[in-house]
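Asks: 3D, please:
(6 chains)
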Amino acid sequence: MVSEGPYTHQASDSAYQFIRAALAAGHEIFRIFFYHDGVNNGTRLTTPPQDDRHIVNRWSELATEHDLDLVLCVAAAQRRGIVDPDEAKRNGKDGDNIAPGFRISGLGQLIEAGIESDRLLVFGD
Amino acid sequence: MVSEGPYTHQASDSAYQFIRAALAAGHEIFRIFFYHDGVNNGTRLTTPPQDDRHIVNRWSELATEHDLDLVLCVAAAQRRGIVDPDEAKRNGKDGDNIAPGFRISGLGQLIEAGIESDRLLVFGD
Amino acid sequence: MSRAKKFMYINRHAPCGTVYAVEGLEVVLIGAAFEQDVCMAFIGDGVFQLQQDQDTADTGMKNFSPAYRALGDYEVNRLYVERESLQERGLTEEDLMPLTWEDEDEDWAEKSSIYIVDQAQLSDLMDEQDIILNF
Amino acid sequence: MSRAKKFMYINRHAPCGTVYAVEGLEVVLIGAAFEQDVCMAFIGDGVFQLQQDQDTADTGMKNFSPAYRALGDYEVNRLYVERESLQERGLTEEDLMPLTWEDEDEDWAEKSSIYIVDQAQLSDLMDEQDIILNF
Amino acid sequence: MLHTVNKSPFESSSLKTCLSLARGDADVLLIEDGVYGALSGSAHTSLVAEALGDVRVYALEPDLKARGLSRDRLIPGIEVVGYDGFVELACANDKIQNWL
Amino acid sequence: MLHTVNKSPFESSSLKTCLSLARGDADVLLIEDGVYGALSGSAHTSLVAEALGDVRVYALEPDLKARGLSRDRLIPGIEVVGYDGFVELACANDKIQNWL
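Replies: Next comes the predicted model:
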């Protein structure tokens, strides 16, 4: 679970580095669940300075490469303005901003991940 | 200056209540500058629970009512994915998400506000 | 899935100032539907979440504290409050909301959900869990 | 605008863990163009911002600490570091980056920008300011 | 000078830092989670009670009520103000330091 | 059980709370700003040094280097690990408590 937004807190970076190390060691990542401000990891509208890492794109690329399940909590995303095309339609928004490789779903996905996985780690503030 | 995102921290609420009280007492608000995660106050894609306050719309309405200058810092907004139509075009984004009444500009607007105003308050984390 | 896992939700943030308390409570209420073995712990400023008579009207914020009263209905009826954290803050059990649940096995007798525990007891409880989540 | 205002930027956050240090530094560098009277103070974990030899390569994060060396060129040459904060953390001035500026009035002599001050001196300095911003 | 503190003294050093640097003519306003610093009978009560001999300390009433803290729980000598009082304090002081 | 602490002990009570609740067989890993808890000669050194008789304490090397803290500045007995070591600690313990 990732609980903080990109750049604001190191949590997104620590989670990314931990997951890369876990994958390198041959472990399976069942799911990455983004909660609280963590949902801000999943907007494709970011443009960080060119000499800095692109945290959002880095997640999208990692997901493609390793077929990861990146889930943004719907309740947290609604409060913070992260929407996919379905959510945009349901809430009467004129556009969406979700980044490739992410999906929006409910908190049950976090509980399910806790039940199905051997270990659950939280990176946050 | 507002430094934290809506809902995550009370800063947005405190700033709003302070500004309303200051306006009620006849003071002039030169500018409200949103920095750090504060730029997340300016996305029109939020849909908070129906029984909760709508922090973004509340800013937009206050700005209309009192002709306030709501400025999102461009550098902070780029890192966090808040864009207006100009920024979207410049950075090759397929859409924008800025809320009515907000504009994106540089950090100089904060310094200028400090120089031109009698008092500068910061609400943040 | 062989058996129910033991979940402990640890609350360490004060209410109102940040969103962690309310978004943490949302996880507990959603999680209750999964029929796992669930308890909560309140440590540090988290004990302030259970303070009686919270009234957010003048701040314009939503008052979510009544939702704690729903926990009993969701069979979340073990709320462990660290004694040392209460003492450091000058609080006693009387300052906390009286949260209860109805015991089906004893003719729906109303019982308190709040247990004041010391650090050693809390350590033991944490040791029994499968999953610990921090809000 | 009658005269230059006195701006003090107070830094109280450690680097890397949160964005406040780097986004605070961006304000100082932009603000330097406005020809105001600018100084910085480092209190609490803010003193860690000036720690030598920061190397973020293995975290994948951007290393912004070299940017402090540019402050002198922007005529931000009064960096007050609280003595009590250094002591609490077991640090001395030797642990800090040697930040300097060149004094135009003295044939570009290189001078240190870092002043170690105690709480009483820092209180006096804060009292002299027009605008205090906290990062 | 007006100082504001918005963090709980149990979880942050903001209040302690503020009081160590605030001078005799200062106003200190506790807002948001900072109002927990106004509690009597807590581990931080003596820190604030001692400062009250030196500076004036205020607590924001809407934030006290939001957290269920009634006036009789506060350290004697702390004044309770609303958002209007916050605005007045900001005007009465020539500058403001928000400890975040 | 593996405990992680990611906050500076000078600004947060996380490390203190963690050490008060960690039992003898626990591993405690300091990451992000939590690595400042590994500093020798600081106001919190004795807290950690005493805990070292009881629990094992680790610090994440990439986070130490990012903050300019060399190994010779650390409290003796603290082990330094990389992200791979973090993964190993997560596997070696049957559960994880991340103090945030």
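Asks: report the contact partners of residue 112.
Replies: Defaulting to chain A. Counting by Cβ atoms under 8 Å, 6 or more residues apart in numbering or on different chains, A:E112 makes contact with A:31, C:34. The C-beta positions use only the backbone N, C-alpha and C, and glycine is treated the same way.
Asks: chain C was what I was after
Replies: For C:S112, the contact set (Cβ under 8 Å, 6+ apart) comprises C:98-100.
Asks: and A:I32, by the same measure?
Replies: Here A:I32 is in contact with A:1-2, A:15, A:19, A:59, A:68-71 (Cβ under 8 Å, 6+ apart).
Asks: once you drop chain neighbours, what's closest to the residue most central in space within chain E?
Replies: Taking Cα atoms, centre = their mean, the centroid of chain E lies closest to E:L30, which sits 2.9 Å from it. Setting aside the residues directly before and after it, E:L30 is nearest to E:A59 in space (Cβ to Cβ, 6 or more residues apart in numbering or on different chains), at 4.5 Å.
Asks: ok, that neighbour - how many residues close by?
Replies: Look at E:A59: counted by other Cβ atoms under 10 Å in any protein chain shown, it has 25 neighbours.
Asks: which strand residues bridge it?
Replies: Counting by DSSP bridges, E:A59 forms beta bridges with E:L30, E:V80.
Asks: show me which of the contacts of A:I32 is closest to E:D84.
Replies: A:V2 (40.7 Å; Cβ to Cβ).
Asks: tell me, how many residues neighbour C:Q119?
Replies: Neighbour tally, C:Q119, other Cβ under 10 Å: 15.
Asks: what residues does chain A put near chain B?
Replies: Residues of chain A lying close to chain B (Cβ under 8 Å from any Cβ of the partner chain) are A:5-8, A:36-37, A:40, A:43-49, A:56, A:75, A:78-83, A:87-88, A:91, A:93, A:95-97.
Asks: anything in stretch E:44-56 near chain F?
Replies: No: using Cβ under 8 Å from any Cβ, stretch E:44-56 stays clear of chain F, with a minimum separation of 12.1 Å.
Asks: just the contacts of A:I32: which are in helices?
Replies: A:15, A:19, A:59 (DSSP state H).
Asks: follow-up on the earlier one: in this structure the residue nearest to the centre of chain E contacts E:Y58, no?
Replies: Yes: if you go by Cβ atoms under 8 Å, E:L30 and E:Y58 touch, sitting 6.8 Å apart.
Asks: mutual contacts of these two, please.
Replies: E:I78.
Asks: let's see the pLDDT reported for C:R3.
Replies: The model reports C:R3 with a pLDDT of 75.
Asks: which SS class is it?
Replies: coil (DSSP: H, G, I helix; E, B strand; the rest coil).
Asks: just E:S8 next, same as before
Replies: Strictly by three-state DSSP, E:S8 counts as coil.
Asks: same thing with C:G72?
Replies: Under three-state DSSP, C:G72 comes out as helix.
Asks: quick check on E:N98: phi, psi?
Replies: Here the main-chain torsion angles of E:N98 (degrees, to the nearest 10) amount to phi -90, psi 110.
Asks: that one touches B:D125, doesn't it?
Replies: No: judged on Cβ under 8 Å, E:N98 makes no contact with B:D125 at a distance of 11.0 Å.
Asks: more neighbours: which of the two?
Replies: E:N98 (25 against 22).
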